[in-house]
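Chemist: For reference, the sequence and a predicted model appear below.
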Amino acid sequence: MKTYTLPAFGRDVSSIVLGMMRIAKMEDSEIDALVRGALDHGVNVLDHADIYGGERHRCEARFGEAVALSPLEREQIAIQSKVGIRKGYFDFSASHIVSTVDESLAALRTDYLDVLLLHRPDTLVEPEEVAAAFDALHAAGKVRHFGVSNHTPGQIELLKTAVRQPLIFNQVQLSLAHAPMFAQGVAANMAGLEQSVSRDNGLLEYSRINAMTLQAWSPFQAGFFDGVFVGDRERFPALNTVLDELAGTHGVTPSGIAVAWIIRHPANIQVVLGTTKPSRVAEAAAGSDVELSREEWYRLFTAAGHTLP
């Protein structure tokens, strides 16, 4: 398992993050096997959110019920959760952030979160409210580190006008078939080319300059939930041909190559898996150890339909 050293976090983290958003209907034994199998493969970051599971804190509660961690095991893994999405609106108020974290801790059956992310940007955000919540949670030992999800550089800078803790993570959608973050930069200033349009105001470069770790969600999805591209030869014939070829070359699965493509980028991006199958975790873990060449990386990039001028 490839790992990243994050000075602001205080320890190494796995390049693969196990997302827990689909465990609500699993049996206790299945959840425990999924988590412990991931740990065996070197995964040491688990991703939650208060909204996962169809009702608030449902997936967090199922995790807490199914996985009994010893004190030593708890210290060896990082549990992160997210806050800010409510039914029909977003809410970054101090009271909602603090109360939600208390509920998440109770559901997860843990005393602290290693990471708390603000889930999606609340355009009504008051940075001072967020700062008050973060200060209270940090001082109480309930949250050790903070970050955001789906935020632009400007939105992050706005938060930083009041928030005193470093914002060290940003979870964003990224895959071979949904890569505007990469694709825009290589085609910058090309009038008439859709790929040239910036949708995130230079988030990739901003993250590298500010030592902010990106976490890629939906790493196998095309577009905005348009379906999985791996194995879809009808819509992505060229991409799957290259995925299969490189999988054979490197001794992993096509899904492993899709993971390797994200991890190859020097921004040190973590890949968030949403699988409930231990075998898929094993495939991703194997892919994390594959070091694609520049030529291989760009072959996949163009096979996915991105323009290389």
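Modeler: Received the coordinates, thanks.

Chemist: isn't residue 290 right up against residue 257?
Modeler: Yes: Residue 290 lies in contact with residue 257 (Cβ atoms under 8 Å); the separation is 6.9 Å. C-beta coordinates here come from the backbone N, C-alpha and C atoms, glycine included.

Chemist: and for the helix or strand hosting residue 272, what are the contacting residues?
Modeler: Residue 272 is part of strand 270-273, with elements assigned from DSSP states H and E. When contacts are defined by Cβ atoms under 8 Å, 6 or more residues apart in numbering, strand 270-273 is touched by residues 4, 13-19, 45, 47, 171, 213-217, 219, 259, 262-263, 280-281, 284, 288.

Chemist: List buried residues within those.
Modeler: For those, a neighbour count by 16 or more other Cβ atoms under 10 Å gives the buried set as 13-19, 45, 47, 171, 213-217, 219, 259, 262-263, 280-281, 284, 288.

Chemist: What segments of the stretch 1-150 of the chain are strands?
Modeler: 3-6, 11-14, 16-19, 45-47, 78-83, 85-86, 89-90, 113-118, 143-149 (DSSP state E, counting those that start in this stretch).

Chemist: Same check on the stretch 201-309 of the chain?
Modeler: Counting by DSSP E, counting those that start in this stretch, the strands of the stretch 201-309 of the chain are 213-217, 270-273.

Chemist: Looking at per-residue confidence, what score does the residue most central in space within the chain get?
Modeler: Per Cα atoms, centre = their mean, the C-alpha nearest to the average position across the chain is that of residue 215, at 3.3 Å. With respect to pLDDT, residue 215 scores 98.

Chemist: ok, now the one 5 residues further on?
Modeler: We note a pLDDT of 97 for residue 220 in this prediction.

Chemist: residue contacts, it?
Modeler: Residue 220 makes contacts with 175, 228, 229, 230, 255, 258, as judged by Cβ under 8 Å, 6+ apart.

Chemist: How about the first one, nearest residue that isn't a chain neighbour?
Modeler: Looking back up the chat, that one is residue 175. Among residues not flanking residue 175 along the chain, residue 219 sits closest, at 4.9 Å (Cβ to Cβ, 6 or more residues apart in numbering).

Chemist: Quick check: the one you found vs residue 186, distance?
Modeler: To residue 186, residue 219 is 20 Å away according to Cβ to Cβ, to the nearest Å.

Chemist: Let me know the average pLDDT across stretch 295-309.
Modeler: The average pLDDT within stretch 295-309 is 97.

Chemist: Tell me the strands beside the strand holding residue 272, with direction?
Modeler: Strand 270-273 has these partner strands in its sheet, going by DSSP bridges: strand 16-19 (parallel), strand 213-217 (parallel).

Chemist: Do a quick rundown of the helices in the stretch 1-150 of the chain.
Modeler: 28-40, 58-66, 71-76, 94-108, 127-139 (DSSP state H, counting those that start in this stretch).

Chemist: Might one say that residue 65 is in contact with residue 28?
Modeler: Yes: counting by Cβ under 8 Å, residue 28 is a contact partner of residue 65 at 6.4 Å.

Chemist: and residue 54, what does it touch?
Modeler: Contacts of residue 54 by Cβ under 8 Å, 6+ apart are residue 24.

Chemist: Look up the pLDDT of it for me, please.
Modeler: pLDDT, residue 54: 91.

Chemist: That one and residue 25: what is the separation?
Modeler: Taking Cβ to Cβ, one finds residue 54 at 9 Å from residue 25.

Chemist: go on, residue 222?
Modeler: 26 Å.

Chemist: again with residue 255
Modeler: Taken as Cβ to Cβ, the span from residue 255 to residue 25 is 23 Å.

Chemist: quick one: which of these two has more around it?
Modeler: residue 255 (22 against 12; other Cβ atoms under 10 Å).

Chemist: Lovely, talk soon.
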